[in-house]
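Colleague: give me a 3D structure for the following:
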Amino acid sequence: MANVWNEPRGEEGPSAAATLATQLLERADRDVTFMVHLVGESRDLLTRHFVGFIETELARRGINYGAHPLLRPFIEMHARELTDFVLQGIGLRHQFGLQALETMAGDPARLLRVDLWDSLQSHISDGQQHFVSDVGGLQRILVQIEADA
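Modeller: Numbers count the residues shown, from 1 in each chain. From the prediction side, this is the model:
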């Protein structure tokens with residue numbers, strides 16, 4: 001029969017949990033990280049930026065909503081993908097170990113803000129360049145859909 005929680009036999013129960021918690025914290029300096037994660041209005045602002053960016057790029061190539069009924073879902077899907085690309089890149093790039101957070105000196109909030117700005121700008125630019133570099137493929141797909149209709 002399985003041990004009941006209140007039965008302290010071997011390495012089970014509250015003492016085992018305390019031991020494990022201690023072991024985990026002993027590794028905290030190398031295993032515990034904090035990641036930057038943008039949510040809420042910031043995420044929405046980024047998505048709206050990419051919707052406008054994609055609409056503008058497609059309009060430059062003569063692709064507009066009137067001619068393509070499925071264009072809006074396409075644009076929204078790609079805007080969310082570009083938003084996720086930026087946010088995941090920010091999260092992966094900005095991981096801080098527990099020890100680093102404990103020992104930061106000076107004005108860490110300002111340094112973090114500048115570093116985040118650089119990363120955001122770089123990831124947004126990369127996402128836009130990636131979309132523009134592949135927009136010709138979109139045009140070919142839309143032409144094929146129109147030909148099959």
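Colleague: which strands or helices does the strand or helix carrying residue 15 pack on?
Modeller: Applying DSSP states H and E as the criterion places residue 15 in helix 14-26. Using 3 or more C-beta pairs under 8 Å, 6 or more residues apart in numbering; DSSP states H and E, no helix or strand is in contact with helix 14-26. The C-beta positions use only the backbone N, C-alpha and C, and glycine is treated the same way.
Colleague: let me see the mean pLDDT of that helix.
Modeller: Helix 14-26 comes out with an average pLDDT of 79.
Colleague: so which elements touch whichever helix or strand comes after that helix?
Modeller: Downstream of helix 14-26, the next assigned helix or strand under DSSP H and E is helix 28-31. When contacts are defined as 3+ C-beta pairs under 8 Å, 6+ apart, helix 28-31 packs onto helix 98-103.
Colleague: so where's the protein uncertain?
Modeller: 1-14, 94-114, 116, 145-146, 148-149 (pLDDT under 70).
Colleague: ranges for the strands of it?
Modeller: Using DSSP state E, the strands found in the chain span residues 33-35, 95-97.
Colleague: residues in contact with residue 58?
Modeller: Residues counted as contacts of residue 58 (C-beta atoms under 8 Å, 6 or more residues apart in numbering) are 64, 71, 75, 135, 138.
Colleague: widest-spaced pair of those residues?
Modeller: 64 and 135 (13.8 Å; C-beta to C-beta).
Colleague: so for the two, which sits in the more crowded spot?
Modeller: The residue with more neighbours, out of residue 64 and residue 135, is residue 135; 15 against 11, by other C-beta atoms under 10 Å.
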